[in-house]
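Undergrad: Show me how the following folds:
(4 chains)
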Protein chains: 2
Amino acid sequence: MARTVDTERYAARRLQIIDAGLTVIAERGYDGATTARICRQAGIGSGTFFHYFATKADLLLAILELGTAETREKAAAFEGRTDALAVLLELVGAAADEAADPRVPGFVRAVAGVMHVPAVAAALAEDDAAQRELLLHWVERGRAAGEVRTDVPAGRLASWLTLLMDGFLERVAVDDGFVAADERELLVATVRDFLRGVGPPPHP
Amino acid sequence: MARTVDTERYAARRLQIIDAGLTVIAERGYDGATTARICRQAGIGSGTFFHYFATKADLLLAILELGTAETREKAAAFEGRTDALAVLLELVGAAADEAADPRVPGFVRAVAGVMHVPAVAAALAEDDAAQRELLLHWVERGRAAGEVRTDVPAGRLASWLTLLMDGFLERVAVDDGFVAADERELLVATVRDFLRGVGPPPHP
DNA sequence: GAGTTCCTGGATCGCGTGCTCCAATAATGG
DNA sequence: CCATTATTGGAGCACGCGATCCAGGAACTC
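TA: Numbering: from 1, shown residues only, chains lettered A, B, ... in the order given. Got it, this is the predicted structure:
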């Protein structure tokens, strides 16, 4: 026999390439991110790249799956909480914090540009589903506790929360005057008002 | 002398290609929209295409400029109105109606994917500026009339309106359960509440 | 240290793309 | 009806890309 597979080294290399891919894709777009550039960013040769990912598209999918996994972890971390509205506001706040990383908005729009590729659309749908499940869970609990409006179905409220978070991300990416850290508070306040509903003031 | 340039025919042909480009780009993304496919969609040969647009990128820019021009027309149509809040809500409602055209959200995300190309970024910035100017104008008038909250600067309110409209567009594109026509009313109501501000109810 | 397998980089290939070129055609003026 | 020029289609070109291939080195077992 001879050397065994060093899974730790392997995983580290893989993450290194993923990180390089995220960086380059975020700043050049998916098609602008040539494998050559990703390799240069990662400090590797193209042979190495295709040893870890059969295809450039596979790298993108790996990045997306990583994101989905993080969402699932986040969901697990909130298990056992009972203050639904507070949880929802923390989730929204966390999204605002993520938007502060300059790579995130760039990557998101890059991915949007290749949505028509079926595999990417599927991965993104899974990501969306994970996030949606998380939001929906707490929206429903919030409704049960009387903290969240009931004039709009829970599913639609979850969609609207995503709308606000995605819109926030987009604004950060495009609008120079729109700084994530400065707008975070207004986002949380707006979401709170939206979830409470406004017609009649909730707690007079 | 011989035949003169038929500007009408020329403009029509040009619009035909623009329309084909919009369709194909919306459904395939920018890089997925090969010039060959655009030509097939328009029913022309590649020679004709490059007779009207020196470059594939030029077609994209022409589409974007058309959009900017439409925004300017819309702005002109509202001249003379005095009910600022109503104007703003009409603008938001119009954005929701546009989102119902299935090509619009697809095209928007396709463009997002090529934002890193300087010329595209510039054209999009101009588009953004036109929309922003329009919103800002009426936000300021609304504030002066006491219809719009004053605890947040007008510029930031304009950014937030864009956030809501863009987020809406994105949701329509991604979320199958999110139908533009069904959500329109909630969008308008949410924007109204957002513009009024909520802390203390405005008109008890 | 020998043997074996895994890992790595870079030269190289084939393909699809945006774009050019030119001959044929349509449209106009005299 | 002829001359002239705008307009058109499509064959073909050059290039850049993703992906392949392979030879040398590294890592590990015995």
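
Undergrad: And A:Gly155, how close does it get to A:Ala130?
TA: As judged by C-beta to C-beta, to the nearest Å, A:Gly155 and A:Ala130 stand 15 Å apart. Every C-beta, even on glycine, is put in place using the N, C-alpha and C of the backbone.

Undergrad: my bad, should have said A:Val139
TA: A:Val139 sits 15 Å away from A:Ala130, going by C-beta to C-beta.

Undergrad: A:Phe178 now?
TA: A:Phe178 sits 27 Å away from A:Ala130, going by C-beta to C-beta.

Undergrad: Quick check: A:Gly155 touching A:Leu136?
TA: Yes - between A:Gly155 and A:Leu136 there is a contact under C-beta atoms under 8 Å: 6.6 Å.

Undergrad: could you give the mean pLDDT of stretch A:165-176?
TA: The average of the pLDDT scores along stretch A:165-176 is 94.

Undergrad: Report whether it contacts chain B.
TA: Yes - residues of stretch A:165-176 contacting chain B under C-beta under 8 Å from any C-beta of the partner chain: A:Asp166, A:Gly167, A:Phe168, A:Glu170, A:Arg171, A:Ala173, A:Val174, A:Asp175.

Undergrad: For DNA strand D, state which of these is nearest.
TA: Comparing these against DNA strand D with C-beta to the nearest atom of the strand places A:Ala173 closest, at 22.2 Å.

Undergrad: Work out for me the element that closest one sits within.
TA: helix A:154-174 (DSSP states H and E).

Undergrad: same question, A:Asp97
TA: Using DSSP H and E, A:Asp97 maps to helix A:84-100.

Undergrad: cool, and A:Ile25?
TA: Using DSSP H and E, A:Ile25 maps to helix A:7-28.

Undergrad: By neighbours, which of the residues of stretch A:165-176 next to chain B wins?
TA: Most neighbours among these, by other C-beta atoms under 10 Å in any protein chain shown: A:Phe168, with 28 neighbours.

Undergrad: just checking, that one touches A:Asp182?
TA: No - applying C-beta under 8 Å as the test, A:Phe168 and A:Asp182 come out as separate, 11.8 Å apart.

Undergrad: what stretches of chain A score poorly on pLDDT?
TA: Along chain A, segments meeting pLDDT under 70 span A:1-6, A:198-204.

Undergrad: for it, longest helix please?
TA: The helix that spans the most residues within chain A, counting by DSSP state H, is helix A:118-144.

Undergrad: now A:Gly47, what's its secondary structure?
TA: Following DSSP: H, G, I helix; E, B strand; the rest coil, A:Gly47 is assigned to helix.

Undergrad: okay, now the domains of chain A?
TA: Listed by automatic domain parsing, the domain ranges of chain A are A:1-54, A:56-196.

Undergrad: out of those, deepest packed?
TA: Highest mean neighbour count of these: domain A:56-196, a mean of 18 (counted as mean count of other C-beta atoms under 10 Å in any protein chain shown).

Undergrad: end-to-end on it?
TA: From its first residue to its last, domain A:56-196 covers 45 Å (C-alpha to C-alpha, to the nearest Å).

Undergrad: if I look at the most centrally placed residue in chain A, how far off is A:Ala54?
TA: Geometric centre of chain A, nearest residue: A:Gly67, 5.9 Å, by C-alpha atoms, centre = their mean. Going from A:Gly67 to A:Ala54 by C-beta to C-beta gives 20 Å.

Undergrad: residues contacting A:Lys74?
TA: A:Lys74 makes contact with A:Leu91, A:Ala94, A:Leu134, according to C-beta atoms under 8 Å, 6 or more residues apart in numbering or on different chains.

Undergrad: which SS state does the residue nearest to the second one when sequence neighbours are not counted fall under?
TA: The shortest distance from A:Ala94 to any residue other than its chain neighbours is 7.4 Å, reached at A:Lys74 (C-beta to C-beta, 6 or more residues apart in numbering or on different chains). A:Lys74 carries the three-state label helix when classified by three-state DSSP.

Undergrad: you'd agree A:Thr150 is up against A:Arg143?
TA: Yes - between A:Thr150 and A:Arg143 there is a contact at 5.6 Å, judged by C-beta under 8 Å.

Undergrad: Which other helices and strands does the regular element (helix or strand) spanning A:Asp182 contact?
TA: Per DSSP H and E, A:Asp182 falls inside helix A:180-196. Helix A:180-196 makes packing contacts with helix A:84-100, helix A:154-174, helix B:154-174, helix B:180-196 when contacts are defined by 3 or more C-beta pairs under 8 Å, 6 or more residues apart in numbering or on different chains; DSSP states H and E.

Undergrad: And the closest residue to A:Asp175 other than its chain neighbours, how far from A:Leu64?
TA: Distance criterion C-beta to C-beta, 6+ apart; nearest residue to A:Asp175, sequence neighbours excluded, is B:Ser159 at 5.5 Å. Distance of B:Ser159 to A:Leu64, computed by C-beta to C-beta: 28 Å.

Undergrad: before we move on, what about A:Glu73?
TA: For A:Glu73, the distance to A:Leu64 - C-beta to C-beta - is 15 Å.
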